[in-house]
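Chemist: Sequence plus predicted model, see below.
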Amino acid sequence: MKRADALESIYDDLKETIVVTNMGAVAVELYNLGHQPGFFYMEHSMGLASSAGLGLALSLPDTKVVVLDGDASVLMNLGTLSTMARCNPGNLTHIIFDNESMLSVGGFPTATATGTDLEAVARGAGAPNTGTYSDIATFQGAYTKAADRDEFSALVAKVEAVGPTSFAMDIGLLENRFEFARHIRNLRSD
């Protein structure tokens, strides 16, 4: 399955949530589907989308938060999986797109290409809901169940190591930051 197709299959729901992406391909592919004020693209900060998403989920307990991450980014910050599981925010879904590659920085293989199982790592860290999915229908179904749950979920989507033709986005880093902050402020005042 392609990451862009997986994203498209859940995009309508993502528009209604807070979304934090890791750097690179997933950010661009989500942006290309249509930017929303609740989307925050963590460009130039590999490995930190999960930490930012956890903080947002804990500080906004009545708002659904989705982290769109990659295998290389998760491997850089594995400790966050145990912290997410320990905190168990019912409003947080962590989607890990595993293409077994550091696609955004040259395509070098990651540890998942040689046997590391990120679902098993998340489950071993104590995540109450985990799964690995390799086709659109089962991924979309798992995401829908996770979004309706009141427990933390970590979903691994096995995707092809292909990305967008360009990693450029029209929105600047500061523009995204300030728009996102205003969106969060508005959520808090509702």
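Modeler: Good, I have the coordinates.
Chemist: in the protein, what spans have low per-residue confidence?
Modeler: Across the chain, no stretch falls below the confidence threshold (pLDDT under 70).
Chemist: Show me the residue at the heart of it, geometrically.
Modeler: The residue lying closest to the centre of the chain (CA atoms, centre = their mean) is residue 68, at 1.2 Å.
Chemist: Spatially nearest residue to that one, not counting backbone neighbours?
Modeler: Nearest residue to residue 68, sequence neighbours excluded (CB to CB, 6 or more residues apart in numbering): residue 21, at 4.5 Å. Every residue, glycine included, has its C-beta placed from N, CA and C.
Chemist: Show me what the one you found is bridged to.
Modeler: residue 41, residue 68 (DSSP bridges).
Chemist: contacting residues for it?
Modeler: 27, 30, 39-42, 49, 67-69 (CB atoms under 8 Å, 6 or more residues apart in numbering).
Chemist: Residue 39 too?
Modeler: 14, 19, 21, 30-31, 176, 180.
Chemist: gap between it and residue 78?
Modeler: Distance of residue 39 to residue 78, given as CB to CB, to the nearest Å: 25 Å.
Chemist: Same check on residue 17?
Modeler: Taken as CB to CB, the span from residue 17 to residue 78 is 24 Å.
Chemist: Residue 76 and residue 50 touch, don't they?
Modeler: No. In this structure residue 76 lies outside contact range of residue 50 using CB atoms under 8 Å: 9.7 Å.
Chemist: Neighbour count for those two, which is higher?
Modeler: Between residue 76 and residue 50, counting by other CB atoms under 10 Å, residue 50 is the more crowded of the two (27 against 17).
Chemist: Setting aside sequence neighbours, what's the nearest residue to the more buried one?
Modeler: residue 80 (4.1 Å).
Chemist: Might you report the residue contacts of residue 30?
Modeler: With CB under 8 Å, 6+ apart, residue 30 has these contacts: 7, 11, 14, 19, 21, 39, 41, 68.
Chemist: Helix, strand or coil: sort out it for me.
Modeler: At residue 30 the chain is in helix, as set by DSSP: H, G, I helix; E, B strand; the rest coil.
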